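**Student:** got a predicted model here, sequence first, then my questions.
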Amino acid sequence: MKAGSPSWTGIHVDRTIPDTMITLNPRPRSSGIFVRKAQTCTHIRKSSSGERTGFMRCPAFTFPMPGVSGPYYVFIFTSTAKNPYPGKNQYPYILPSLHLLRMVEGSYTCGTSEFPLLGMTIGEMLESIAAKYPDTDAVVSVHQNIRWTYREFLARVNEIARALMGLGVEKGDRVGIWAMNHAEWVAIQFATAKIGAIMVNVNPAYRTYELEYVLKQAEIQTLILQGRFKTSDYVGMFYEACPEAYEQKPGRISSEKFPFLKNVVFIGQIPYNGMFTWDEFVKKAEEISSDELIERGESLSFDDAINIQYTSGTTGFPKGVVLTHHGVLNNGYIIGEGMGFTEKDRLCIPVPFYHCFGMVLSNLASATHGATMVLPAPTFDAEEVLKTVQNERCTALHGVPTMFIAELAHPNFSRYNLKTLRTGIMAGSPCPVEVMKQVNTMMNMKEIVIVYGQTETSPGVTMTTTKDPLERRVSTIGRAFPHTELKIIDSKTNKIVPLGDIGEICARGYSVMKCYYNNPSATHATLDSNRWNHTGDLGTMDEEGYFRIVGRLKDMVIRGGENIYPREIEEFLHHHEKISDVYVVGVPDIKYGEELCAWVKIKDGQCLTDVEVKEFCKGKIAHYKIPRYVCFVTEFPMSVSGKIQKFVMRKDSIKMLGLEEADKVVTA
């Protein structure tokens, strides 16, 4: 270092310095860090000793520092040189010591990592893992008595991929799957990705009204569905939505309502009209050679879209989130890394596959590490989960808070040996701190983590890790995912807020969706011109980069892990002949986190009960969308400008329904 060049040390300050005086070169060198001359040096002043001192404010996004978050650092320099920046050109100075003592402000961070993103398709990843761990269990479906090693799983995936090609499914075609947690679901997930088809997750809770919408909006070409489960008659609901299929032959469906639909496959052997049985479908694989499958795979790019998942929308109808190989594969891989997964781990999966929690946080987190996917039941059953963890010696368990609450409260809980458990994820809705502590101790999940995100981000953007202190793992949603940028902004100004201040969480990076399918206006409302995904969630970020959720800009309701947009329910209830107007809000609930409360204004001269409102909903919309509470009113709280004040409705509902205790539950 030459004589007279500035030396630098960090300083503790409690205010923001208004002018940028230097910027840091984003490329660190082994010998130090280079700086360049800024436009102004207005804060430089001469001290009594003749040294020049000054405050420097630097944008952090030009200088990633491991373990440091936020966009602003403040430094002080001292120099005995007459001019710290001689000449007009850029003069690099090597800084031998640079000590950051405190980040002044700015809720921005970018997750760092020692490993790169995976640059491959899902099919290529599966081939690699199957070659590495051929005899390790890949899928164990307890309720179906199915057990596939990775070698067997790959063979079944390839067979189903060729069968889909035999049906005429091309790259980019939409293949819908309307089923619960079965081994076939997992195989279809990987098979569609292998041939470049776009798998459309259809919620098993959907009824005819919602099925019709998804079939049309996603332009589904092939639908794969399961048989009856309890009161859900999937075949019957399909015929109700598309009655013409009953008179047509398999593979030759022609419908004016659903012009793209050609094939329907039944997961079973009952020969329903217009549908292929499962065996008939699989036999189609004989029409396609292995070379043709390989050729299809070679034509794919990891940036291709391979999945559409429906999430609630401001228009009152669900929006189809388009996700890529690159997004979901890397998200699953990073999550598995965060839990310390290896081929020796066995993950019990009670969360639904149609949701990102099942498809990505579970299936892909396991497959990318050669771990085992264990399916305890087609839908959640607390005792089946406990039994499966014990019998299959599971090392990890996923669930939304309500699932863990049900498992802990089960009368036979103490009978089951859960000592093999180590880790898992609690996510899907706000996680009560006390529940996290109980799971940590009573279920032996000392390395349980929290993941936060949304469907639009594949889904995870923050995560606690097994290495985080217990207090952080039970009270925050963690720090930014590797390779993911996060910021918290003032939604009115779009400016980054100071550390600790509340604002809207925004995310940018590999995991952000391509778009909403066939919905450019909704896409532009969520993704800004710089590809930041605006989550609508309100949160804070602290000095160490940990995030907390404090609320939502949107009035979306999360009930037991299910995202519900009240506008959709409101529009549906407006079809009731006795309802004049209706608004739906979320209210706190100890079991599900939130429940729906409908404020209903009845037409003059009409009478209506809450039972009638709920009966009107049954069989037409998913059960979790049916309001638990119905309040009949003559007017709605409004602002002076005539806007509905839903926050007032929520507050009044809590008081009227006696939900004060539920409202006190502390969440991360």
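**Tutor:** Looks like it came in fine.

**Student:** do you know how far the residue nearest in space to the middle of the chain is from residue 561?
**Tutor:** By C-alpha atoms, centre = their mean, the chain has its centre lying nearest to residue 459, at 2.3 Å. Noted for residue 459: a distance of 12 Å to residue 561, by C-beta to C-beta, to the nearest Å. Yep, even glycine has a C-beta here, placed from its N, CA and C like the rest.

**Student:** anything in contact with each of the two?
**Tutor:** Residues within reach of residue 459 and of residue 561 at once, by C-beta atoms under 8 Å, 6 or more residues apart in numbering, are residue 357.

**Student:** what are the ranges of the helices in the stretch 51-200 of the chain?
**Tutor:** Along the stretch 51-200 of the chain, counting by DSSP state H, counting those that start in this stretch, helices occupy 122-132, 150-166, 183-195.

**Student:** equivalent analysis for the stretch 301-450 of the chain, please.
**Tutor:** 325-338, 356-358, 365-367, 382-391, 401-409, 433-442.

**Student:** tell me the secondary structure at the residue nearest to residue 235 when sequence neighbours are not counted.
**Tutor:** Of all residues not flanking residue 235 in the chain, residue 272 sits nearest, at 5.7 Å (C-beta to C-beta, 6 or more residues apart in numbering). What DSSP: H, G, I helix; E, B strand; the rest coil gives for residue 272 is coil.

**Student:** and residue 505, by the same measure?
**Tutor:** Here residue 505 is recorded as strand under three-state DSSP.

**Student:** any idea how far the residue nearest to the centre of the chain is from residue 484?
**Tutor:** As judged by C-beta to C-beta, residue 459 and residue 484 stand 12 Å apart.

**Student:** what touches both of those two?
**Tutor:** residue 511.

**Student:** buried residues in stretch 472-487, which are they?
**Tutor:** 472-487 (16 or more other C-beta atoms under 10 Å).

**Student:** pLDDT weak spots in the protein?
**Tutor:** 1-105, 312-316, 551, 554, 639-643 (pLDDT under 70).

**Student:** switch the cut-off to 50
**Tutor:** For the chain, applying pLDDT under 50 flags the ranges 1-104, 313-315, 641.

**Student:** residue contacts, the residue nearest to residue 478 when sequence neighbours are not counted?
**Tutor:** Leaving aside its chain neighbours, residue 478 sits nearest to residue 464 (3.7 Å; criterion: C-beta to C-beta, 6+ apart). Residue 464 makes contact with 449, 450, 472, 473, 476, 477, 478, 479, according to C-beta under 8 Å, 6+ apart.

**Student:** how about 6 Å then?
**Tutor:** 449, 450, 473, 478 (C-beta atoms under 6 Å, 6 or more residues apart in numbering).

**Student:** and residue 235, which of the helices of the stretch 51-200 of the chain is closest to it?
**Tutor:** Each of the helices of the stretch 51-200 of the chain has some distance to residue 235 by C-beta to C-beta; the shortest is helix 183-195, at 15.8 Å.

**Student:** let me know the angle separating the closest one from helix 325-338.
**Tutor:** 130 degrees (axes from the mean of the first three to the mean of the last three C-alpha atoms, to 10 degrees).

**Student:** tell me how far helix 183-195 lies from the chain's centre.
**Tutor:** Mean C-alpha position of helix 183-195 versus that of the full chain (C-alpha atoms, centre = their mean, to the nearest Å) differs by 20 Å.

**Student:** name the surrounding residues that touch that helix.
**Tutor:** Under C-beta under 6 Å, 6+ apart, the answer for helix 183-195 is 122-123, 126, 139, 141, 144, 146, 156-157, 160-161, 164-165, 175, 177, 179, 199, 267, 296, 306, 353, 363.

**Student:** how much space between the residue nearest to the centre of the chain and residue 177?
**Tutor:** Per C-beta to C-beta, residue 459 is found 18 Å from residue 177.

**Student:** do residue 351 as well
**Tutor:** From residue 351 to residue 177 the distance is 16 Å (C-beta to C-beta).

**Student:** related to what we said a few turns ago, please produce CSV containing the helices of the stretch 301-450 of the chain, extended by mean neighbour count and distance to residue 423.
**Tutor:** Listed next are these as CSV, based on neighbours: other C-beta atoms under 10 Å; distance: least, C-beta to C-beta, whole Å:
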stretch, mean neighbour count, distance to residue 423
helix 325-338, 25, 9
helix 356-358, 26, 15
helix 365-367, 28, 11
helix 382-391, 21, 12
helix 401-409, 20, 13
helix 433-442, 17, 11
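
**Student:** could you dump these to CSV with distance to residue 239?
**Tutor:** Compiled in CSV, the helices of the stretch 301-450 of the chain are given as follows (distance: least, C-beta to C-beta, whole Å):
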stretch, distance to residue 239
helix 325-338, 33
helix 356-358, 27
helix 365-367, 35
helix 382-391, 31
helix 401-409, 33
helix 433-442, 42
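
**Student:** of these, which approaches residue 130 most closely?
**Tutor:** helix 365-367 (9.4 Å).

**Student:** return the list of helices and strands in contact with the closest one.
**Tutor:** When contacts are defined as 3 or more C-beta pairs under 6 Å, 6 or more residues apart in numbering; DSSP states H and E, helix 365-367 packs onto helix 325-338.

**Student:** apply 10 Å and report the result again.
**Tutor:** Under the contact criterion of 3 or more C-beta pairs under 10 Å, 6 or more residues apart in numbering; DSSP states H and E, helix 365-367 touches helix 122-132, strand 137-141, helix 183-195, helix 325-338, strand 346-348, strand 372-375, strand 396-399.

**Student:** the longest one vs helix 122-132, what angle?
**Tutor:** Between helix 325-338 and helix 122-132, the angle comes out at 40 degrees (the same axes, to 10 degrees).

**Student:** again with the third one
**Tutor:** Per the same axes, to 10 degrees, the angle that helix 183-195 makes with helix 122-132 is 110 degrees.

**Student:** can I get helix 183-195 in PDB, CA atoms only?
**Tutor:** Only the C-alpha atoms of helix 183-195 are listed here, as PDB (Å, rounded to 0.1, in the frame of the first residue of the first chain):
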ATOM      1  CA  ALA A 183     -47.400 -43.000  -5.800                       C
ATOM      2  CA  GLU A 184     -48.800 -42.400  -9.300                       C
ATOM      3  CA  TRP A 185     -48.900 -38.700  -8.600                       C
ATOM      4  CA  VAL A 186     -45.200 -38.600  -7.900                       C
ATOM      5  CA  ALA A 187     -44.400 -40.700 -11.100                       C
ATOM      6  CA  ILE A 188     -46.600 -38.300 -13.200                       C
ATOM      7  CA  GLN A 189     -44.800 -35.300 -11.800                       C
ATOM      8  CA  PHE A 190     -41.500 -36.500 -13.000                       C
ATOM      9  CA  ALA A 191     -42.800 -38.100 -16.200                       C
ATOM     10  CA  THR A 192     -44.400 -34.900 -17.400                       C
ATOM     11  CA  ALA A 193     -41.200 -33.000 -16.700                       C
ATOM     12  CA  LYS A 194     -39.200 -35.600 -18.700                       C
ATOM     13  CA  ILE A 195     -41.200 -34.900 -21.900                       C
END
